[in-house]
Every structure is written in structure tokens, then in C-alpha cells.
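> This is a predicted model, with the sequence first.
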2 protein chains.
Amino acid sequence: MSGADQIDVKRKPTPRVRKPRADSARNRQLLIDAAKAAFAEVGLNVSLEEIARRAGVGIGTLYRHFPTREAVVEAVYRREVEQLAEAVPQLLETWPAGEALHKWMHLFIDYIATKRLIAPSLGAAVARKSTLHTTSVELITGAISTLVGRAIASGAVRKDIDPSDLLRAMVGVSYGNPDAGWQASARRLIDILMDGLRRKSR
Amino acid sequence: MSGADQIDVKRKPTPRVRKPRADSARNRQLLIDAAKAAFAEVGLNVSLEEIARRAGVGIGTLYRHFPTREAVVEAVYRREVEQLAEAVPQLLETWPAGEALHKWMHLFIDYIATKRLIAPSLGAAVARKSTLHTTSVELITGAISTLVGRAIASGAVRKDIDPSDLLRAMVGVSYGNPDAGWQASARRLIDILMDGLRRKSR
DNA sequence: TAATATACGGAGGTAGCCTCCGTTTTGCAA
DNA sequence: TTGCAAAACGGAGGCTACCTCCGTATATTA
């Protein structure tokens, strides 16, 4: 390699030497937009190649930005998930803790409803203990944990609830057939679950 | 509409002219065995080609017997599912209807536990309104419907329960991370759900 | 403007899916 | 038995998607 290394005048501990390239950022955005559209139109199984094509970039570029298919989905739905998480404080201000939890669970269904596709990948992400980074899953987990914690503290629900259990149930409840009725069904289950939660101990 | 049939000396309404070929039946069995082993060892994503190889048959043969990957899984787990369905009458004899339902739900978890792989494909099958034939899903649906019906009739649980809702919840509850704790988590949720079910109306 | 870190693109190797059709096997009738 | 047609087999091959690799292009910085 280059012998000049020995001098090493300016070693940067933070290699944040340059600012990120503009084209990179732009392409990333193009990819996310294209992916969103493609997922909606074609389904969760669109080939990554098609997404790249729609975005007008090469497949290599897609892979550089998102090493896995999951990463693409993650990027697409992060925003929605953030909104779900952001709803928590407001709910807690406005309602008693038990109600806040309940309402949030319904909100969850609404979101899943609009972006149906999120469920499978959320499920998958819950399945593998996903990455170390802050994934959408963690955002959600945080949200529901807060709500459950409050609800328990206020005595509105039983104490032996593991928030991630609950998340899993909700994913499960909204995972399933694309019938017209699925949403109603999910709501019914949420309500039943909530009734179960309210039984203090048993 | 069968008035003309009288002439018709030997019309076979059942074209069961020949008995099914022996090699066909044998290969089918070989395939199912191979698939079972392969799923267990490699995972649900084994290539169908590998399954055929293990069974010692050509890929074409596999496809002739099972047109889709789902069909393979279906065949493999039908037996387990049948056992689940068969447990119903006995449970109903031995326990009050509410308890029977509750116990069966736990049994479900047990089964899923031993054959973890069934969950994803059950989920998938519930998702697409699967085939017209009697699938495993329908067996399960029948089982849970019976239990729920009895439980409702006996007044043990609320009336507004859709059995397939419940099935979906159970699949969801057992769908998810392969952690050691998943099973306990699933059981907790089942119990909570059951508590919810017991609230008559609200 | 030159130098260089950064990003791009897409060809190409790999693998799984599924179909199609020539060959083989099996059941049945004579 | 034997002959033959129906039934089943096998696997080559076409297709599509995945993902990597590296020569080329471009944005930044000095």
C-alpha cells in the first residue's frame, strides 16, 4: 500500500471528513419512494430489481443502501411507525392509562389497515431478534411498553403483562386474511384481550 | 336430471376405472417423509428440489403430487392437525364447555411447540382464503368452532365470538420469535384472552 | 482545477421455481 | 401371458430473482 501512511499527519478519530454526497441521499429517497409505490401496487414480493428500476437506479445502488429486503421495508414504514410511537404521549395526556392503552391498540389496527404490508414484516422482524439498531420494532415496543407500564401503575390492568407479548398478539391479530372483515375481527379481538387484561389477577 | 341415465349401460359416474398406481402412492409417501425431515433439519425454506432429492424422486414428481410448496407443508402436518381436531370430543366429554375450550387452546400451543413450523404456514393459509378442499385449516376451524359453540351455549363465554377470529389470534400468539420464552408468553396470552372471553357482554 | 473519496451501474454467477415432454412403469383385458 | 394404453416418472431447460464485484463516473475538498 502507500508508504505515506507512516507520516499520518491527520488521523481523524471521527472520520466524518466529508459531508455525505448529494446523489447518495437523493437516490436513497428515490428508492424509498419507489419501494413504497411498488409494495402498494405489486405486493410485498416485488423483486428488488423492479424497485431499483422504478427508482431509476442500478440494482447495485439499491443493495448499497439497503443490504436486505427487510431493510427496504423497514425504511419504507419507519415513518408510519414513528407516528404510532408519537401518538403515545398525547394519548397519555388525554386519557386514563387503561384507556390510553386500549385506544392505542386500536390505532395500531388502523395503521396496519392502511399499510397492510407492515404486518408480515413486523412479524418477521419480531421473529428473528432483529438488528442492534433502532428498528421500527423497537419504536413500537417502546410505545407499548410505556402504555402498559402506565396502565399497570394506575391499576387499570393486571400486573403480569409483558408488553412484547401483547405486541406479538396484536401482530398476530392483524396478521391474516385480507378479507373485508379482517379489521372488524381484529378490533373484536383487541377488545376481548383488553377485557382480559382488566381482570386484575384471577 | 339423471333421467337419461337409464340407457347408458355402463356410464361410470365415478371414473374410478383403474386403481391408483402403486408407485404413485409410494412416491407420495416418500415425499412426505422426506419433506418432514427436511423441514425439521433445514427449515421451512428448503428448496423443493432438495426435498425431491431426499425422497429419491424427480422434481417433476414432486410437483405432480404437490402443485405448490404449501401443499407439501399441508401434507406433512395434516396428521398433527388431525390429532388436534380429534381431541375435541374427548375434551368436551370430560370438561365443562368453557374449560374444554381453554384447555384446547393450550393444547394448540403444545402442538405448535413441537412442530414450530406449522405456524407460519397455517398463518399463510388463513391469509389466502385457501383451497376448496378440506385443508388442515378447515379441520382446525371445525374444532375450534365446536368448542366455541358449546362454550357459548353453556353460557361460559360471551356470545360475540367468531371462532375464526380466535384461531387467528392463536396463530398470531404463537407466531413469532423462537426465543426460549415464546411458549410461556403464548400461554399467558391465551389465559388473558380466555379471561376476556369469559366476560359475558360488557 | 486536480485529487480522491464516494457512489454508481449492471454484467454475471448462483439458485430456486416450475413446465414440458420423451421415456418408463403399471394395471387391465384378452 | 401378453399387449397396450393410461398413468406416472424424471430431469433438462427456460425463467426470474438474488446478490456480488469492480470498472467507471461524480461530488467534495483543497
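Alright, I've got the coordinates. Computed from a prediction, not measured in an experiment: that's the story for all the values here.
> rest of the way, CA atoms for contacts and neighbours
Will do.
> Grab the longest helix from chain A for me.
Scanning chain A for the longest helix, with DSSP state H as the assignment, gives helix A:69-94.
> mean confidence score for it?
For helix A:69-94, mean pLDDT rounds to 86.
> ok, it near DNA strand D or not?
Yes - counting by CA under 7 Å from any atom of the strand, DNA strand D has neighbours in helix A:69-94: A:Arg69.
> and that helix, how far from the chain's centre?
Distance of helix A:69-94 from the chain centroid (CA atoms, centre = their mean, to the nearest Å) equals 6 Å.
> Are there helices or strands packed against whichever helix or strand comes after that helix, and which ones?
Next helix or strand after helix A:69-94 toward the C-terminus (DSSP states H and E): helix A:97-114. For helix A:97-114, the contact count by 3 or more CA pairs under 8 Å, 6 or more residues apart in numbering or on different chains; DSSP states H and E identifies helix A:69-94, helix A:136-153, helix A:163-174, helix A:182-198 as packing neighbours.
> Kindly present the ones you listed as TSV, with separate columns for distance to B:Val88.
Below are these laid out as TSV (distance: least, CA to CA, whole Å):
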stretch	distance to B:Val88
helix A:69-94	40
helix A:136-153	35
helix A:163-174	24
helix A:182-198	23
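> Can you say which of the ones you listed is nearest to DNA strand C?
Among the helices and strands packed on helix A:97-114, the nearest to DNA strand C by CA to the nearest atom of the strand is helix A:69-94 (14.3 Å).
> Now do the contacts for the residue nearest the centre of chain A.
Geometric centre of chain A, nearest residue: A:Ser136, 3.0 Å, by CA atoms, centre = their mean. Each residue near A:Ser136 by CA atoms under 8 Å, 6 or more residues apart in numbering or on different chains is listed here: A:Glu74, A:Tyr77, A:Arg78, A:Val81, A:Glu82.
> before we move on, what about A:Thr61?
Contacts of A:Thr61 by CA under 8 Å, 6+ apart are A:Ala52.
> how much space between A:Ile144 and DNA strand D?
31 Å (CA to the nearest atom of the strand, to the nearest Å).
> Leaving out sequence neighbours, find the closest residue to that residue.
Spatial nearest neighbour of A:Ile144, excluding adjacent residues (CA to CA, 6 or more residues apart in numbering or on different chains): A:Pro163 at 6.1 Å.
> Hmm, that neighbour is touching A:Thr141, no?
Yes - counting by CA atoms under 8 Å, A:Pro163 touches A:Thr141, with 7.2 Å between them.
> where do the contact lists of those two overlap?
By CA under 8 Å, 6+ apart, no residue touches both A:Pro163 and A:Thr141.
> if we can go back for a sec, B:Gly98 versus the residue nearest to the centre of chain A, what's the distance?
38 Å (CA to CA, to the nearest Å).
> Check A:Arg187 too.
Distance, A:Arg187 to B:Gly98, by CA to CA: 22 Å.
> Please identify which of these two sits among more neighbours.
B:Gly98 (23 against 19; other CA atoms under 10 Å in any protein chain shown).
> Report how many residues lie close to A:Glu99.
A:Glu99: 17 neighbours (other CA under 10 Å).
> Show the model's pLDDT score for whichever residue of chain A sits closest to chain B.
Chain B sits closest to A:Gly172 of chain A, with a gap of 3.1 Å, by CA to the nearest CA. At A:Gly172, the model reports a pLDDT of 70.
> Leaving out the residues flanking it, which one is nearest to it?
In space, A:Gly172 is closest to B:Gly172, 3.1 Å off (CA to CA, 6+ apart).
> Next up, the contacts around A:Met194.
A:Met194 neighbours (CA under 8 Å, 6+ apart): A:His102, B:Gly196.
> Give me every residue in chain A lying close to DNA strand C.
A:15-18, A:20-21, A:23-28, A:56-61, A:64-65.
> can you rerun that using 10 Å?
Proximity of chain A to DNA strand C (CA under 10 Å from any atom of the strand) is limited to residues A:15-31, A:49, A:52-53, A:55-65.
> For ChimeraX, what selects the buried ones among the residues you listed?
Selection of buried members from these for ChimeraX, criterion 16 or more other CA atoms under 10 Å in any protein chain shown:
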select /A:27,28,30,31,52,55,57,62,63
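> if I read this right, A:Ala100 contacts A:Leu91, doesn't it?
Yes - if you go by CA under 8 Å, A:Ala100 and A:Leu91 touch, sitting 5.3 Å apart.
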